[in-house]
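Novice: I'll drop the sequence and a predicted model, then ask my questions.
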Amino acid sequence: MRANSGVTPPGIERVATATTAGAADAKPARLGWILIQVAAFVVAGGVWGVASLLFPATTLPPPTAVLARLGELALTADFWSAVGITIGTFAVALVICIVVGVPVGLAIGASTIATQSTRLLFDFLRTIPPIAILPLLLLVLGAEFEMVLVLAVGGAIWPILIQSIYAARQGESLLAEMAASYRVPRAWFIRHIFVPGAIPFVMTGLRLGTTICLLLTISGELLGAAPGVGYEIANAQAYYDNTRMYAYVVVSALLGLTVNGGFWALQRRLLRWHPSIRGEVRS
Amino acid sequence: MSAVRRWTSLIALEIWLPLLLVVIWWFASESSNSVYFPPLRLILQSFAENWLVPDRALANLVPSLQVIGVGYGVALAGGIAFGTLLGLARPFERAVRPIVESLRAIPGVALLPLFIVLFGIDQPMRILLVAYGAAWPVLLNTLDGVRGVEPTLLDMARVFRVGRVRRLFLLILRSAGPQIFAGARISLAITLIIMVISETVGASGGVGYFLMTAKSEFRISSMWSAIIALGILGYLLNILFRIAERYILRWHRLQQARLETAR
């Protein structure tokens, strides 16, 4: 149907061209837009540069100094081990959330009694700010990788679990009833109706979970002094080395960008058939 | 009569598992010698001392509520304002998209040291950090919502010469409403996280401060009581949010109900 899906632009842009104002988007060519975006980035850097003149260099260093420092840091092993630990913790936590959250959520959602019995409990548990259990985790597990891992899982699993429950609930939908009346075989139903119907729900939970997972990984490292990018930020600040601190903040932004970009790519692959990838909650 | 019975059985169905877990917790922890997992009895005792006595509870809660209230308010106002601006100024939005994406990719906590350097360690720093960190979900969802307004509606408003201000408030923000609320819900969760984190530095009151001092002074029951207090606070704020959403978006529910019956 959509044979050129490999080169289809992101959902937002595809929808954008359908609106009246979208015409403005299409005017300069793709390359032109990239140049304009780069120029906007340079202007923003310039604003930062001018602002840095107003503050003492120790408070707000110019962007060039931060980038130079980042380049120096990138040559050290410590830098890469911090980045590696943060990415590793984040990835392991996310995998645990998916491996536990999706099947458990689907199982609970498949039963009305289980859904209603757990509703109040999950509603309460997920509204506890995950960071509240940080002191407890610090005492029990210490300032280690495991502490950050438990914190990240404890926060990020809820959206994934709850969206998976919703995903299984749509078994009551019109499509399911129709499949039942046509006596569609069970396996065919799961492969062609249930899974495609469930994926959008699970993806929404996954996107929220991904953002929260990264936020908590870095928070846990920063506050709990566990190794990783978060700790490096806190450490640089403790030594009043603000250039180094900003360099690591830039690193955390790059991590966030990579995670978001990876997520969009995955979503486009899995949901390219879905007409409404635009109308979802962004985090 | 049967309606009452149905309601009670529904409530019973929702409440039996949480109750059972609390009972299990109570009895399983009663003879606990573990330092980190004190008996629930002691935790509840400490909860009553710290969170139910008015002046203690006020000292612990007022600074946090201030940060939540003002910070979340600024985040909502700023997020909706900038989101609408970006949603309406399409070419500009596309030009600055990479900047917006990189700024929102910075986890809010990573900026804690920066905000301390720039704004000190008092209440304004906390409010600004919450406002900054919590604004992004609202901003991005407002942006998407504004951009997704039915183009025919906009054209029609133009044909009928509906004024700019009324077009903005009655048409654009209204139809973006459901998505703005979806973003605001995520912002609320982030507000709570950043509030606790920001109170670990230089605070002299507040839930986060209480939590951290209880931990460093090894008052484990107090620490547990703060975790429970935060859970209740989060739950209550979510209920408030739901009430506000239901009131402000009542047209949306009505519209949806109408669609349902029409089908």
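Specialist: Happy to help now that I have it. This is a predicted model, so every value here is computed, not measured. Residues are numbered from 1 along each chain as shown, chains lettered A, B, ... in the order given.
Novice: if you skip the residues just before and after it, what's nearest to the residue in the stretch 51-200 of chain B that chain A sits nearest to?
Specialist: Proximity of the stretch 51-200 of chain B to chain A (C-beta to the nearest C-beta) peaks at B:Ala105, 2.8 Å away. For the C-beta atoms, the positions are set from N, CA and C on the backbone; glycine is no exception. Take B:Ala105 and drop its neighbours on the chain: the residue closest to it by C-beta to C-beta, 6 or more residues apart in numbering or on different chains is A:Gly256, 2.8 Å away.
Novice: count the residues that sit near the residue of the stretch 51-200 of chain B closest to chain A.
Specialist: By the criterion of other C-beta atoms under 10 Å in any protein chain shown, B:Ala105 has 21 neighbours.
Novice: show the pLDDT at it.
Specialist: With respect to pLDDT, B:Ala105 has a value of 79.
Novice: how close does it get to A:Gly49?
Specialist: Between B:Ala105 and A:Gly49 the distance is 21 Å, computed by C-beta to C-beta, to the nearest Å.
Novice: now B:Lys215
Specialist: Noted for B:Lys215: a distance of 41 Å to A:Gly49, by C-beta to C-beta.
Novice: of all of the stretch 151-283 of chain A, which residue lies closest to chain B?
Specialist: Using C-beta to the nearest C-beta, the point where the stretch 151-283 of chain A gets nearest to chain B is A:Gly256, with a distance of 2.8 Å.
Novice: pull out the buried residues from the one helix or strand A:Gln163 maps to.
Specialist: When elements are defined using DSSP states H and E, A:Gln163 is found to belong to helix A:145-169. Of the residues in helix A:145-169, those scored as buried under the neighbour-count criterion (16 or more other C-beta atoms under 10 Å in any protein chain shown) are A:145, A:147-169.
Novice: remind me what it packs against, helices and strands.
Specialist: Of the remaining helices and strands, those touching helix A:145-169 by 3 or more C-beta pairs under 8 Å, 6 or more residues apart in numbering or on different chains; DSSP states H and E are helix A:77-110, helix A:112-127, helix A:134-141, helix A:195-224.
Novice: again, 6 Å this time
Specialist: Packed against helix A:145-169 by the contact rule (3 or more C-beta pairs under 6 Å, 6 or more residues apart in numbering or on different chains; DSSP states H and E) you find helix A:77-110, helix A:134-141, helix A:195-224.
Novice: tell me how far the residue most central in space within chain B lies from B:Leu129.
Specialist: Nearest to the mean C-alpha position of chain B, counting by C-alpha atoms, centre = their mean, stands B:Leu188 at 1.3 Å. Note on B:Leu188: its distance to B:Leu129, by C-beta to C-beta, is 15 Å.
Novice: thinking again about what came up before, so what's the residue count around the nearest residue to the residue nearest to the centre of chain B once chain neighbours are set aside?
Specialist: Closest residue in space to B:Leu188, ignoring its immediate chain neighbours: B:Phe241 at 5.8 Å, by C-beta to C-beta, 6+ apart. In terms of burial, B:Phe241 registers 16 neighbours under the definition other C-beta under 10 Å.
Novice: which strand or helix spans B:Phe241?
Specialist: With the criterion set as DSSP H and E, the secondary-structure element containing B:Phe241 is helix B:220-248.
Novice: cool, and B:Pro18?
Specialist: Taking DSSP H and E as the criterion, the element that holds B:Pro18 is helix B:2-30.
Novice: distance from the chain centre to the longest helix anywhere in chain B, please.
Specialist: Longest helix in chain B by number of residues (criterion: DSSP state H): helix B:54-88. Centroid separation for helix B:54-88 versus its chain: 9 Å, with C-alpha atoms, centre = their mean, to the nearest Å.
Novice: so that helix versus helix B:220-248, what angle?
Specialist: Per axes from the mean of the first three to the mean of the last three C-alpha atoms, to 10 degrees, the angle that helix B:54-88 makes with helix B:220-248 is 40 degrees.
Novice: and helix B:54-88, what does it pack against?
Specialist: Under the contact rule (3+ C-beta pairs under 6 Å, 6+ apart), helix B:54-88 is packed against helix B:123-147, helix B:173-198.
Novice: tell me the residues of chain A that contact chain B?
Specialist: Selection of chain A residues close to chain B by C-beta under 6 Å from any C-beta of the partner chain yields A:19-21, A:24-25, A:36-37, A:40-41, A:44, A:59, A:116-117, A:119-121, A:124, A:127-129, A:131-132, A:135, A:139-140, A:215, A:218-219, A:222, A:233, A:237, A:245, A:249, A:252-253, A:256-257, A:281-283.
Novice: still on that earlier bit, report pLDDT for the residue nearest to B:Ala105.
Specialist: On pLDDT, A:Gly256 comes in at 87.
Novice: can you verify my assumption that it contacts B:Ser102?
Specialist: No. Counting by C-beta atoms under 6 Å, A:Gly256 sits too far from B:Ser102 to count as a contact (7.9 Å).
Novice: when the two are compared, which one has more neighbours?
Specialist: For A:Gly256 versus B:Ser102, the count of surrounding residues by other C-beta under 10 Å is larger for A:Gly256: 23 against 17.
Novice: which of the helices or strands spans that one?
Specialist: According to DSSP H and E, A:Gly256 maps onto helix A:242-270.
Novice: neighbours of A:Gly105, just the number please.
Specialist: Residues contacting A:Gly105 under the criterion other C-beta under 10 Å number 29.
Novice: just B:Trp26 next, same as before
Specialist: If you count neighbours by other C-beta under 10 Å, B:Trp26 ends up with 14.
Novice: now it: closest residue in space that isn't a chain neighbour?
Specialist: Nearest to B:Trp26 is B:Leu40, by C-beta to C-beta, 6+ apart, at 4.6 Å.
Novice: got the contact list for the one you found?
Specialist: Residues near B:Leu40 by C-beta atoms under 6 Å, 6 or more residues apart in numbering or on different chains: B:Trp25, B:Trp26, B:Ser29.
Novice: quick one: low-confidence ranges for the stretch 51-200 of chain B?
Specialist: In the predicted model of the stretch 51-200 of chain B, no residue satisfies pLDDT under 70.
Novice: flag every residue of chain B that's near chain A.
Specialist: Near chain A, the residues belonging to chain B are B:13-14, B:17-18, B:36, B:90-91, B:94-96, B:98-99, B:102, B:105-107, B:109-110, B:113, B:117, B:137, B:140-141, B:151, B:182, B:186, B:192-193, B:196-197, B:211, B:215, B:223, B:227, B:230-231, B:234-235, B:238 when assessed by C-beta under 6 Å from any C-beta.
Novice: if any of those residues are buried, put those into a ChimeraX selection.
Specialist: To isolate the buried subset of those in ChimeraX, counting by 16+ other C-beta under 10 Å, use the following:
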select /B:13,14,17,18,90,94,95,96,98,102,105,106,107,109,110,113,117,137,140,141,182,186,192,193,196,197,211,215,223,227,230,231,234,235,238
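Novice: how about low-confidence regions in the stretch 51-200 of chain A?
Specialist: When the per-residue scores of the stretch 51-200 of chain A are filtered using pLDDT under 70, the ranges that remain are A:171-173.
Novice: re the thing from before, deepest-packed of the helices and strands packed on helix A:145-169, please.
Specialist: Ranked by mean neighbour count under mean count of other C-beta atoms under 10 Å in any protein chain shown, the helices and strands packed on helix A:145-169 are led by helix A:195-224, which reaches a mean of 24.
Novice: on that earlier part again, mind putting the contacts of B:Leu40 into TSV with pLDDT?
Specialist: What follows is the contacts of B:Leu40, written out as TSV (pLDDT from 0 to 100):
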residue	pLDDT
B:Trp25	89
B:Trp26	88
B:Ser29	84
